[in-house]
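Asker: next come a sequence and a model predicted from it.
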Amino acid sequence: MSNFVAVYDACVLHPAQLRNLLLRLARTAAFRAKWTERIHEEWMRSVLKRFPDIKSEQLERVKDLMDKAVPDCLVRGYEGLEADLELPDPDDRHVLAAAILSHAGVIVTYNTNDFPAEVLAPHGIEAQHPDDFITHLFGLSPVVVCSAVREHRESLKKPTKTVAELLDMYLTYGLATTVAALEGMQDLL
């Protein structure tokens, strides 16, 4: 298991299929994924607001499955660090506090502007868009990423997706560089 730690922000856990891919990547030995109960609360609240027909019990089940699927994923005890942190959005301080406590090297987020480099750098942390994060993983281990993508595609049953359809879906999540890298690996997907 790698010692490299990545904290997933709520915004990358909101889209179900991106969450699915990121969890499959988290189950590899390439890095250790982390999040908090507050991050869970945020993505779940966001999903319920956007999709009112989804029941909170369904999301609680997903949350429990996530926590079981990724050993040692929950960061606890970070709250004391929050007050001393300054970010453009004070509501993001808990994410940075969790990253600091867990010795993360990266926060995976769509909201990279909310985590300025000058605030993160002294802690050895970088904010990365999920496209950059997955592309970096691909650069380190294409087989690991391709395997996770294949598992993701094979898990989709209603409806199933071809490789092209899956890559098109990834484009809707802003994963253009990832898709460009994966296009040359379609036999493995």
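Answerer: Noted; the coordinates are in hand.
Asker: from now on I want contacts and neighbour counts done on CA atoms only, so please keep to that.
Answerer: Noted.
Asker: show me the protein divided up by domain.
Answerer: 5-129, 135-188 (automatic domain parsing).
Asker: packing partners of the helix or strand harbouring residue 62?
Answerer: Assigned by DSSP states H and E, residue 62 belongs to helix 56-69. With contacts taken as 3 or more CA pairs under 8 Å, 6 or more residues apart in numbering; DSSP states H and E, helix 56-69 sits against helix 37-50.
Asker: following element in sequence after the helix holding residue 62, please.
Answerer: Following helix 56-69 in sequence, per DSSP H and E, is helix 79-82.
Asker: who's in contact with that following helix?
Answerer: 93-94, 96-97 (CA atoms under 8 Å, 6 or more residues apart in numbering).
Asker: using CSV, please lay out those residues together with pLDDT and distance to residue 65.
Answerer: Formatted as CSV, those follow (pLDDT from 0 to 100; distance: CA to CA, whole Å):
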residue, pLDDT, distance to residue 65
93, 97, 26
94, 98, 23
96, 98, 24
97, 98, 24
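Asker: which ones among the residues you listed are found in helices?
Answerer: Judged by DSSP state H, the subset of the contacts of helix 79-82 located in helices is 93-94, 96-97.
Asker: wait, which of those is closest to residue 172?
Answerer: residue 96 (26.7 Å; CA to CA).
Asker: residues in contact with that closest one?
Answerer: Residue 96 touches 82, 85, 107, 120, counting by CA under 8 Å, 6+ apart.
Asker: 10 Å instead?
Answerer: If you count contacts by CA atoms under 10 Å, 6 or more residues apart in numbering, residue 96 has them with 7, 9, 78, 81-82, 85-87, 102, 104, 106-107, 115, 119-120, 123, 125, 127.
Asker: those residues in strands, which ones?
Answerer: 7, 106-107, 127 (DSSP state E).
Asker: what about this structure, any weak spots by pLDDT?
Answerer: 1 (pLDDT under 70).
Asker: ok, now with 90
Answerer: For the chain, the stretches with pLDDT under 90 are 1-3, 29, 158-159.
Asker: related to what we said a few turns ago, okay if I get the contacts of helix 79-82 as TSV plus distance to residue 143?
Answerer: Below are the contacts of helix 79-82 laid out as TSV (distance: CA to CA, whole Å):
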residue	distance to residue 143
93	35
94	33
96	30
97	32
